[in-house]
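**Q** I'll drop the sequence and a predicted model, then ask my questions.
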Amino acid sequence: MGWVRLVLAVVAGSTLACSAGAQVTPSQNVVSTPPVSIEPISKAPASTAPPSPELTPSGKPIPPSNENTPDITIDPASLLPDLPPLPPEKASLIGGTIGKLDRVRDQIMVQVFGGGKIKIAFDTRTHIYHDGVEASTSDLKPGDRVYVDTILDGSTVFARSIRLRGANTVAGESQGIITNYRADKGELQLRDALSPHTIKIRVTPQTKIIHGDRVSSSSELSSGTLVAVKFGPRQDGGEVAREVSVLAVPGASFTFGGIVTAVDLRLGLIVLTSSSDHKSYEIYLDPSVTIADDVRPSADITVLTRFQDNKYVARSVTVNFPAK
């Protein structure tokens, strides 16, 4: 029995040894890992360089907004592309009255002196003058008397310049040639300088007749005489002359000095703005008269004329100062 107890003691000791080896105590078998220090990720320092400016489609920088900066108004017309220059064609002068005005298509219908109508285009390249002063398209109105320097732009008649003279129907004034005067009826028939039609004006004993600086009489109202008439309405719907100024009688000589506003050698015509009364005068060139090449718009000239065949005919042309 003694050896049995010995065997049992050995077996029990082995079992306890195995059980003890399978257990892990915190103080002996846990491997401690040194703590890892995790440094916080530092943010990149803010850049001190100014941001790149935003650009417009054309490559220009957009200015920074500022509440104190006043609003900038942009003209829409400045955003449009520039029009091509006009072709260097020789201009033809057309005189008449504006019958119709189309601001959408930029066209005027001109009733031409002597009859007929012509459609003329214009745009921002067209220069417009009113009594020699720069004007704009807003000054154009139906009924205005105009001189138009025209050229052919392709198949379109285009206005290089338009010169306004005002409408006689609004101003109550007219200038033209007497075609007939009937003293018994006090009826003056007048062909306006820019109208193909003859108008009739009543002359009464109260009508003032002036020739130059003196008071005259109705005996000077003969056919072919150039006159300026101021008139007003009558109760019957006609016109009554308040004042008739005799400007030129057939065969009279005149001297004009002023600035050339238009030249049309094809028609043999010079339009001159007088330096004395600032009015425009049509002067036709006698076939025997030769003019210098520097007789151009803006040139200062002196013209000796004779009034014949219902118009001023140049006998000589002198250039005082060439065109600028």
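**A** Yep, that arrived. Residues are numbered from 1 along each chain as shown.
**Q** from here on, contacts and neighbour counts on C-alpha atoms
**A** Fine.
**Q** quick one: which helix or strand includes the residue lying closest to Ala314 once chain neighbours are set aside?
**A** Once flanking residues are discounted, Ala314 sits nearest to Thr305: 4.3 Å by Cα to Cα, 6 or more residues apart in numbering. Element membership for Thr305 (DSSP states H and E) is strand 300-308.
**Q** helices or strands up against that strand?
**A** The helices and strands touching strand 300-308, judged by 3 or more Cα pairs under 8 Å, 6 or more residues apart in numbering; DSSP states H and E, are strand 253-264, strand 311-321.
**Q** what residues are up against Ala135?
**A** His127, Ile128, Tyr129 (Cα atoms under 8 Å, 6 or more residues apart in numbering).
**Q** any idea of the pLDDT on it?
**A** Note for Ala135: predicted pLDDT of 89.
**Q** can you pick the most crowded of the contacts of Ala135?
**A** Taking other Cα atoms under 10 Å as the neighbour criterion, Ile128 ranks highest of these with 24 neighbours.
**Q** show me what the helix or strand where that one lies is in contact with.
**A** Remark: Ile128 resides in strand 127-130, with elements defined by DSSP H and E. With contacts defined as Cα under 8 Å, 6+ apart, strand 127-130 is touched by Glu134, Ala135, Ser136, Thr137, Arg160, Ser161, Ile162, Arg163, Leu164, Arg165.
**Q** just the helices in the stretch 101-250 of the chain please.
**A** Listed in chain order, the helices of the stretch 101-250 of the chain (DSSP state H, counting those that start in this stretch) span 168-171.
**Q** hang on, the earlier thing: partners of the strand holding Ile128, with directions?
**A** Next to strand 127-130 in the sheet, as set by DSSP bridges, lie strand 133-134 (antiparallel), strand 156-166 (parallel).
**Q** okay, the longest one in CSV with CA atoms only?
**A** What follows is strand 156-166 as a C-alpha-only set of coordinates in CSV (Å, rounded to 0.1, in the frame of the first residue of the first chain):
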residue,chain,number,x,y,z
THR,A,156,-26.9,99.8,-100.3
VAL,A,157,-27.1,103.5,-100.5
PHE,A,158,-25.3,104.7,-97.3
ALA,A,159,-25.2,108.1,-95.7
ARG,A,160,-21.7,109.2,-94.9
SER,A,161,-23.0,112.5,-93.5
ILE,A,162,-26.5,114.1,-93.0
ARG,A,163,-26.9,117.8,-92.6
LEU,A,164,-30.2,119.1,-91.2
ARG,A,165,-31.8,122.3,-92.3
GLY,A,166,-35.2,122.0,-90.4
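**Q** please identify the buried residues of that strand?
**A** Residues of strand 156-166 classed as buried by neighbour count (16 or more other Cα atoms under 10 Å): Val157, Phe158, Ala159, Arg160, Ser161, Ile162, Arg163, Leu164, Arg165, Gly166.
**Q** which of those residues has the weakest pLDDT?
**A** Scoring those by pLDDT puts Gly166 last, at 50.
**Q** in stretch 248-256, which residues are buried?
**A** Within stretch 248-256, judged by 16+ other Cα under 10 Å, the buried ones are Ala248, Val249, Pro250, Ser253, Phe256.
**Q** mean confidence for that stretch?
**A** Rounded mean pLDDT across stretch 248-256 is 93.
**Q** picking that back up, distance to Thr150 added to the buried residues of stretch 248-256, as CSV?
**A** Listed next are the buried residues of stretch 248-256 as CSV, based on distance: Cα to Cα, whole Å:
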residue, distance to Thr150
Ala248, 30
Val249, 32
Pro250, 32
Ser253, 31
Phe256, 25
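**Q** now the two most distant members of these.
**A** For those, with distances taken as Cα to Cα, the pair at the greatest spread is Pro250 and Phe256 (16.7 Å).
**Q** contacts only, for Arg242.
**A** Val203, Gln206, Thr207, Lys208, Val229, Lys230, Phe231, Gly232.
**Q** where does it land on pLDDT?
**A** Per-residue pLDDT puts Arg242 at 89.
**Q** output the below-cut-off pLDDT ranges for the protein.
**A** The model of the chain has pLDDT under 70 over residues 1-91, 113-115, 165-173, 193-197, 233-238.
**Q** quick one, domains of it?
**A** With domains defined by automatic domain parsing, the chain comprises 92-166, 169-248, 253-321.
**Q** circling back: would JSON lines of the helices and strands packed on strand 300-308 with distance to Leu221 be doable?
**A** Converted to JSON lines, the helices and strands packed on strand 300-308 look like this (distance: least, Cα to Cα, whole Å):
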{"stretch": "strand 253-264", "distance to Leu221": "18"}
{"stretch": "strand 311-321", "distance to Leu221": "16"}
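**Q** between those strands, which one is nearest to Asp294?
**A** Among the helices and strands packed on strand 300-308, strand 311-321 comes nearest to Asp294, with 7.6 Å by Cα to Cα.
**Q** buried ones in the closest one, by neighbour count?
**A** Buried residues in strand 311-321, counted by 16+ other Cα under 10 Å: Lys311, Tyr312, Val313, Ala314, Arg315, Ser316, Val317, Val319.
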